[in-house]
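Novice: make a model of this:
(2 chains)
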Amino acid sequence: MRSADMAEGAKKAIPIVLGYLPLGFAYGALARLAGLDLALIVLMSLIVFAGSGQFISVSMLAAGAGGASIVATVFLVNLRHLLMSASLSPYFQNYPRRSLPLLAFWLTDENYAMACGEFRNCERGHHYMLGLFGTSYTGWVLGGVLGGLFGGFFSSANAAMTMEYALYAMFIFLLVIQMTERKLFLAASFSGALSLLFYLYIPGSWYIILATVCTATMGVSAERWKESF
Amino acid sequence: MERIFLIILGMAAVTYVPRFLPLYVLTRLEIPKIVIDWLRYVPVAVLAALIVPGIITANRQVYIALDNSYLIASLLAFLIAWRTKNMMFTVTVGMGVVLVLQYLN
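Specialist: Just a heads-up that it's a prediction; the model follows:
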C-alpha cells in the first residue's frame, strides 16, 4: 500500500521531471561557467532546491556580489513559498508530523501546483506526496549533476527552450482544471493581469506574492460583501 | 570556495524557513474560516501569476507576436487542457508547438 502510493505519486511527477532535467542542466552548466566546483554545484541543488533562486545566485556570484546580498535576494525570491506552504496546511493536517519537514523542504512551485491539482478531486496520503515530491527532486539534482559535468560540451538553446516549456504547459493545465467556479476563474484572470502589471513596473520578483495577496484579499472581500445583502 | 560554501548554507536556510514555518504552525491550529476562504484563492492566483508574465513578456517588456513561441503554444495548451482535461496531452502538444516554432523562426 505504502510503496504503491509512492509509486503512483512518482508517476505523477513525470511532467515535472521533464522540465526539471533541462532546467537543472542549464543551472549546472551556468554554475560551471561561473567557476563553481562540481561538489558545490551539486550541493546547492541538494540543499536549496529552488530553480529561480539558484539561477540568480549563480549570476550574482559571477558578477562578484557579496554573500549577504546573495542570501537576501534568494530569501526574497523564494518568499512566495510562504503562501504555498500555508495553503497546503489544511490538506496536510492529518499527515504524520514527522513527514512535514521533508515535504516542506521539497515545496517548489511545480510540486505545489501538482499537489493542488491532486487535492482538487481526491485525498492523497503522505506516501503519495513523498513519492511525487521526491521524484521531481531527484530529477532536479540529476539535471544539475549532468549540467555541471557536461554543460560545457554542448548547448542547444532550442532544445532547452522546448523542454522548459513543459513546466508552463503543466502550470496552464493545472490552472485550467482548478478554475471550477466562476469566482476562481475571475480570481485567476485578475491575478494574471495584476501580476503582469507588477512584473512590468516593480523590480525584482515581488509580482507573484503581491498579485496573490491582492487577489485572495479581493476575493474574500467580494464574497463577504455579497453575503451582506 | 569556502566562502561559496557558506553562501549556499545561507541560501538553504532562508529558502527552507518560509517553506516550513506556515505548514508547521497551521497544521497544529484550528484554522479560522476566513483564513481557509482566503487560502482557497491562492492556488489559482499563484498559477496565473507564474504563467502570465512568463509567456507574454520578453526582457521584461510585453511581447505579443507570432514568433513568441511560448505565447502561441500557451493559447493552444489552454484550449487543449480545457477540452481534454488530459495533462500529458497538453504538455506534449505545447512542447511540440514550441519546438516547431523554434525551427520556423
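
Novice: convert the C-alpha atoms of stretch A:93-112 to PDB, please.
Specialist: Extracted in PDB, the C-alpha atoms of stretch A:93-112 (Å, rounded to 0.1, in the frame of the first residue of the first chain):
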ATOM      1  CA  GLN A  93      -3.400  18.300   8.700                       C
ATOM      2  CA  ASN A  94      -3.700  14.600   9.100                       C
ATOM      3  CA  TYR A  95      -0.200  13.700   7.900                       C
ATOM      4  CA  PRO A  96       2.300  12.300  10.400                       C
ATOM      5  CA  ARG A  97       4.100  15.300  11.800                       C
ATOM      6  CA  ARG A  98       7.500  13.700  11.100                       C
ATOM      7  CA  SER A  99       6.700  13.800   7.300                       C
ATOM      8  CA  LEU A 100       6.200  17.600   7.300                       C
ATOM      9  CA  PRO A 101       9.900  18.700   7.500                       C
ATOM     10  CA  LEU A 102      10.800  16.800   4.400                       C
ATOM     11  CA  LEU A 103       7.600  17.700   2.400                       C
ATOM     12  CA  ALA A 104       8.200  21.300   3.300                       C
ATOM     13  CA  PHE A 105      11.800  21.100   2.100                       C
ATOM     14  CA  TRP A 106      10.500  19.800  -1.300                       C
ATOM     15  CA  LEU A 107       7.900  22.500  -1.700                       C
ATOM     16  CA  THR A 108       8.600  24.100  -5.100                       C
ATOM     17  CA  ASP A 109       6.200  25.900  -7.400                       C
ATOM     18  CA  GLU A 110       5.800  22.800  -9.600                       C
ATOM     19  CA  ASN A 111       5.300  20.400  -6.700                       C
ATOM     20  CA  TYR A 112       2.800  22.700  -5.200                       C
END
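
Novice: how far does it sit from its chain's centre?
Specialist: 13 Å (Cα atoms, centre = their mean, to the nearest Å).

Novice: ditto for stretch A:38-48
Specialist: 17 Å.

Novice: same check, this time on stretch A:163-172
Specialist: With Cα atoms, centre = their mean, you get 12 Å for stretch A:163-172.

Novice: is that stretch anywhere near chain B?
Specialist: Yes - on the criterion Cβ under 8 Å from any Cβ of the partner chain, stretch A:163-172 is in touch with chain B at A:163, A:165-166, A:168-172. (Each C-beta comes from the backbone N, C-alpha and C, glycine too.)

Novice: same question, stretch A:18-38
Specialist: Yes - interface with chain B: stretch A:18-38 contributes A:18, A:36-37 (Cβ under 8 Å from any Cβ).

Novice: after the helix or strand of chain A with the lowest mean pLDDT, which helix or strand is next?
Specialist: The weakest-scoring helix or strand in chain A, judged by mean pLDDT, DSSP states H and E, is helix A:157-178 (a mean of 84). As assigned by DSSP states H and E, the chain's next helix or strand after helix A:157-178 is helix A:182-201.

Novice: tilt between that following helix and helix A:157-178?
Specialist: Computed by axes from the mean of the first three to the mean of the last three Cα atoms, to 10 degrees, the angle separating helix A:182-201 from helix A:157-178 equals 150 degrees.

Novice: per-residue confidence averaged over whichever helix or strand comes after helix A:182-201?
Specialist: Toward the C-terminus, helix A:182-201 is succeeded by helix A:207-227 as the next helix or strand (DSSP H and E). Averaging pLDDT along helix A:207-227 yields 94.

Novice: buried residues in helix A:207-227?
Specialist: For helix A:207-227, a neighbour-count test (16 or more other Cβ atoms under 10 Å in any protein chain shown) marks A:207-216, A:218-220, A:223 as buried.

Novice: who's in contact with that helix?
Specialist: For helix A:207-227, the external contacting residues (Cβ atoms under 8 Å, 6 or more residues apart in numbering or on different chains) are A:79-80, A:82-83, A:183, A:186-187, A:190-192, A:194-196, A:198-199, A:202, B:34, B:37-42, B:45-46, B:48-50, B:53.

Novice: got it, and stretch B:85-96?
Specialist: By Cβ under 8 Å, 6+ apart, the surrounding residues in contact with stretch B:85-96 are A:14-15, A:18, A:162-163, A:165-166, A:168-170, A:172-174, A:176-177, B:73-74, B:76-77, B:80-81, B:84.

Novice: does any part of the helix ranked longest in chain A sit near chain B?
Specialist: If you go by DSSP state H, chain A has its longest helix at helix A:126-150. No - Helix A:126-150 lies out of reach of chain B by Cβ under 8 Å from any Cβ, never closer than 11.2 Å.

Novice: list the buried residues of that helix.
Specialist: Within helix A:126-150, the residues that count as buried by 16+ other Cβ under 10 Å are A:126-137, A:139-149.

Novice: give the other helices and strands that the host helix or strand of A:Asp5 contacts.
Specialist: For A:Asp5, the element it lies in under DSSP H and E is helix A:2-12. If you count contacts as 3 or more Cβ pairs under 8 Å, 6 or more residues apart in numbering or on different chains; DSSP states H and E, helix A:2-12 packs onto helix A:126-150.

Novice: can you read off the pLDDT for the closest residue to A:Gly131 other than its chain neighbours?
Specialist: Excluding the flanking residues, the one nearest A:Gly131 by Cβ to Cβ, 6 or more residues apart in numbering or on different chains is A:Gly9, at 3.0 Å. The score at A:Gly9 is 96. That number is its pLDDT.
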